[in-house]
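Engineer: the following comprises the amino acid sequence and a computationally predicted model.
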Amino acid sequence: MSQLFSPLTIRGMTLKNRIVMSPMCMYSCSRKDGIAMDWHRIHYASRAAGQTALIMLEATAVTPEGRISDQDLGIWSDEHVPHLQELTKAIHEQGSHAAIQLAHAGRKMGVDGPMWAPSAIAYNENMKVPQEMSIEQIQQTVKAFTDGARRAIAAGFDCLEIHAAHGYLINEFLSPLSNLRQDEYGGGRDRRYRFLQEIIEGIRTIWSGPLFVRISASDYHPEGNTIEDYVYYAKMMKQDGIDLIDCSSGAVVPAAITPYPGYQVPFADTIRRESEIATGAVGLITSGVQAEEIISNGRADLVFIGRALLRDPYWARTAATDLKAPLQPPKAYERGWT
């Protein structure tokens with residue numbers, strides 16, 4: 001039996017297979033107000049119809065200034081909730097679970113206004129220098145994540161993910177390359193972790209369901225975080241109530257990365273074994289055979305499929321066909337599924 005198409009239960013959420021749509025910015029809020037549009041409902045629901053078990057929305061900003069671009073989804077206002085409810089309803093109608101990634105861009109924000117970061121260090125020479133966050137601003141942002149989670153719950157999401165990767169705000173606090181603070185939010189690993197810890201604690205006061213964190217498991221820099229640091233962080237996250245670590249890498253500082261099929265899978269494997277927490281593997285996973293190897297050999301618990309799902313909304317069907325695994329189609333598609 002295919003392990004890729006076996007169910008998995010995480011804190012009461014039972015996924016029908018191990019395939020997750022990876023969160024990917026779509027830059028499609030044409031009104032620039034963060035409100036989900038018809039395009040989002042079509043985009044995400046079509047992947048659910050293709051039998052991807054968990055549909056995770058793109059990085060969704062918890063504050064207006066936390067957007068990567070002004071065309072990103074938002075969850076900083078109660079006005080966003082009804083539109084997200086329509087989106088989760090469309091996903092659920094196709095038999096899939098819905099997840100959302102809560103995010104703040106930090107020094108990589110792409111909208112007008114003040115730019116906040118743990119320290120006043122620009123990402124590169126082409127970007128402006130951010131303002132170092134005050135303690136009050138840090139506390140306000142922690143609350144913004146909790147408020148975003150509250151709205152996500154009201155919108156009907158089954159799973160929440162905290163975006164702590166790719167050089168955005170939480171990742172900036174975690175990395176010694178971007179966090180030079182000397183107060184309780186900077187210095188050693190434990191103090192750099194405090195911002196994420198407080199976000200987790202805040203969300204856990206209102207949410208008892210599945211909670212994931214996406215990380216950048218390597219800074220690809222000799223003075224940055226390594227997989228060993230993230231094994232340490234993963235143990236702390238497990239203790240604080242995180243259910244799964246979604247293992248990406250890089251982008252906290254400019255770095256030369258040579259990607260190849262499955263290049264990030266060893267991060268998920270190492271954290272799963274050494275931190276004893278469930279993991280998701282992501283990064284150039286393109287075929288069912290490749291995904292099956294990852295799951296069947298215990299290298300990760302879920303595979304997060306990104307670009308391959310942009311090319312093929314029915315990637316799960318393609319993978320099932322390759323693996324000769326049974327996969328129930330939507331009733332309307334039965335006559336053309338095989």
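Structural biologist: It's in.
Engineer: and the pLDDT at residue 337?
Structural biologist: Residue 337 carries a pLDDT value of 85.
Engineer: check residue 77 too.
Structural biologist: 98.
Engineer: if we ignore the residues flanking it in sequence, what's nearest it?
Structural biologist: residue 34 (7.4 Å; Cβ to Cβ, 6 or more residues apart in numbering). For glycine as for every other residue, the C-beta is placed from the backbone atoms N, C-alpha and C.
Engineer: also residue 260?
Structural biologist: Closest to residue 260 by Cβ to Cβ, 6+ apart is residue 284, at 6.7 Å.
Engineer: mind listing the helices for this protein?
Structural biologist: 38-49, 81-93, 135-154, 169-174, 189-204, 227-240, 265-275, 288-296, 307-311, 315-323, 334-337 (DSSP state H).
Engineer: so which of the ones you listed is the most packed in?
Structural biologist: helix 169-174 (a mean of 28; mean count of other Cβ atoms under 10 Å).
Engineer: list the contacts of that helix.
Structural biologist: 66, 104-107, 116-119, 141, 162-165, 178-179, 185-186, 192-196, 199, 215-216, 225, 233, 251-252 (Cβ atoms under 8 Å, 6 or more residues apart in numbering).
Engineer: one more pass at 7 Å, please.
Structural biologist: 66, 104-107, 117-118, 162-165, 178-179, 185, 192-193, 195-196, 216, 225, 233, 252 (Cβ atoms under 7 Å, 6 or more residues apart in numbering).
Engineer: and what of stretch 214-233?
Structural biologist: 101, 161, 163-166, 171, 174-177, 189, 193, 245-253, 255, 257, 267, 270-271, 274-275.
Engineer: so, low pLDDT: which residues of the stretch 101-250 of the chain?
Structural biologist: Residues of the stretch 101-250 of the chain meeting the criterion pLDDT under 70: none.
Engineer: ok so, going back, give me the subset of the contacts of helix 169-174 lying in strands.
Structural biologist: Counting by DSSP state E, the contacts of helix 169-174 place 117, 162, 163, 164, 216 in strands.
Engineer: which one among those residues gets closest to residue 55?
Structural biologist: residue 163 (16.2 Å; Cβ to Cβ).
Engineer: could you find the closest non-adjacent residue to that closest one?
Structural biologist: residue 103 is the one closest to residue 163 (Cβ to Cβ, 6+ apart), at 3.8 Å.
Engineer: go ahead and confirm that neighbour touches residue 61.
Structural biologist: Yes - using Cβ atoms under 7 Å, residue 103 is in contact with residue 61, at 5.9 Å.
Engineer: more crowded one of these two?
Structural biologist: residue 103 (33 against 28; other Cβ atoms under 10 Å).
Engineer: so who does the more buried one touch?
Structural biologist: Per Cβ under 7 Å, 6+ apart, neighbours of residue 103: 59, 60, 61, 62, 66, 163, 168.
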